[in-house]
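K.L.:
what's the 3D shape of this:
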Amino acid sequence: MTTCLIGLGGNLGNVSQTIAGALQSLSQTPGVRVDRWSSLYQTTPVGSAAGTEFTNAAAQLETTLSARELLSGLLAVENQFGRERNIEWGPRTLDLDLLFFGDEIINDPPVLHVPHSGCWYRRFVLDPLFELVPNFVHPEKQQTIAELRSRLLARPFRVDVLDLAGSIDPVLRAMQAMLPESELRAIRQPDEVCQDDHGLLVRLDSGPLPPWALPLKSRVGWLDVSTRMGDRQQKLNNILRSAGL
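P.N.:
Numbering: from 1, shown residues only. Take a look at the predicted model:
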């Protein structure tokens, strides 16, 4: 049996009832046992088209299935409860994310990436996980859930944005005005990089990294969203909202 952690959420219909129903359906899935689950958390929607407030939770499962088989089971339960995918980051009846599959690291694009790529900096994931498994160690970041969550609680919350093109300043000024609890900085030269690893170090734009920036990829707070579609301000806004600002 493999111990797995999943995230549950939604913002359409009676979400608390849907989450309860989804856990019941998962418990009836061959090869899956639902061990325990967190409280429900009300969270701010992320994304310009996300809709109203979300309800989120986490659950711990035991399974004899492979990661891909379990993911297929999660998608089947989503469909059972009316999940539609017409709008990226749109409203949804139910979202089931495979966050961790034991301590395995699986990169099988485009469908399966475990640990879930966004789980380590999203408060709506970390808060319910902290309730369940505060001492679970993220196999890539090598920090506990409690430590990852603690990174997001400092105020002001520091976010350094790698800006090799020198064009991010207007975006940072606009975001800073909207989010006074944040401390946003552009990083363009090696002497501008902080020696500690607090907060987030975000890469928004693609392109080759200079030699001095390559070691930054090993930092816990490194977040590369350069391959994601969308304008830079919206991407940065999504990150900061996910982090709890």
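
K.L.:
part of a helix, is residue 84?
P.N.:
No: counting by DSSP: H, G, I helix; E, B strand; the rest coil, residue 84 is not found in a helix; it is coil.

K.L.:
contacting residues for it?
P.N.:
Taking CB atoms under 8 Å, 6 or more residues apart in numbering as the contact definition, residue 84 lies against 92, 93. Any C-beta I mention is one placed from the backbone N, CA and C, and that applies to glycine too.

K.L.:
mind checking how far it is from residue 72?
P.N.:
Counting by CB to CB, to the nearest Å, the separation of residue 84 from residue 72 is 18 Å.

K.L.:
for the residue lying farthest from the centre of the chain, phi and psi?
P.N.:
Of all residues in the chain, residue 191 has its C-alpha farthest from the mean position, at 29.7 Å, by CA atoms, centre = their mean. Main-chain torsions, residue 191, degrees, to the nearest 10: phi -70, psi -10.

K.L.:
That one and residue 239, how far apart?
P.N.:
In terms of CB to CB, residue 191 sits 25 Å off from residue 239.

K.L.:
Over to residue 101?
P.N.:
From residue 101 to residue 239 the distance is 25 Å (CB to CB).

K.L.:
Mind checking which of the two has more residues around it?
P.N.:
Taking neighbours as other CB atoms under 10 Å, residue 101 and residue 239 compare with residue 101 leading, 26 against 23.

K.L.:
Next, count neighbours for the residue nearest to residue 245 when sequence neighbours are not counted.
P.N.:
Once flanking residues are discounted, residue 245 sits nearest to residue 179: 5.0 Å by CB to CB, 6 or more residues apart in numbering. By other CB under 10 Å, the residues close to residue 179 number 19.

K.L.:
roughly how far apart are residue 179 and residue 204?
P.N.:
Per CB to CB, residue 179 is found 16 Å from residue 204.

K.L.:
Report pLDDT for the residue nearest to residue 245.
P.N.:
Confidence at residue 179, expressed as pLDDT, is 92.

K.L.:
pretty sure it contacts residue 240?
P.N.:
Yes: counting by CB atoms under 8 Å, residue 179 touches residue 240, with 5.8 Å between them.

K.L.:
Over to the residue sitting nearest the centre point of the chain. Which of the three states is it?
P.N.:
Central residue of the chain (CA atoms, centre = their mean): residue 118, 2.6 Å from the mean position. Assigned with three-state DSSP, residue 118 falls in the coil class.

K.L.:
need the contact list for it.
P.N.:
Residue 118 makes contacts with 125, 242, as judged by CB under 8 Å, 6+ apart.

K.L.:
Quick check: it vs residue 73, distance?
P.N.:
Look at residue 118 and residue 73: by CB to CB, they are 21 Å apart.

K.L.:
Same question for stretch 121-134: list its buried residues.
P.N.:
121-133 (16 or more other CB atoms under 10 Å).

K.L.:
now stretch 192-210
P.N.:
Of all the residues in stretch 192-210, those buried under the rule 16+ other CB under 10 Å are 193, 199, 200, 201, 202, 203, 204, 209.

K.L.:
Between these, which sits nearest residue 229?
P.N.:
Among the buried residues of stretch 192-210, residue 204 lies closest to residue 229 (CB to CB), at 12.0 Å.
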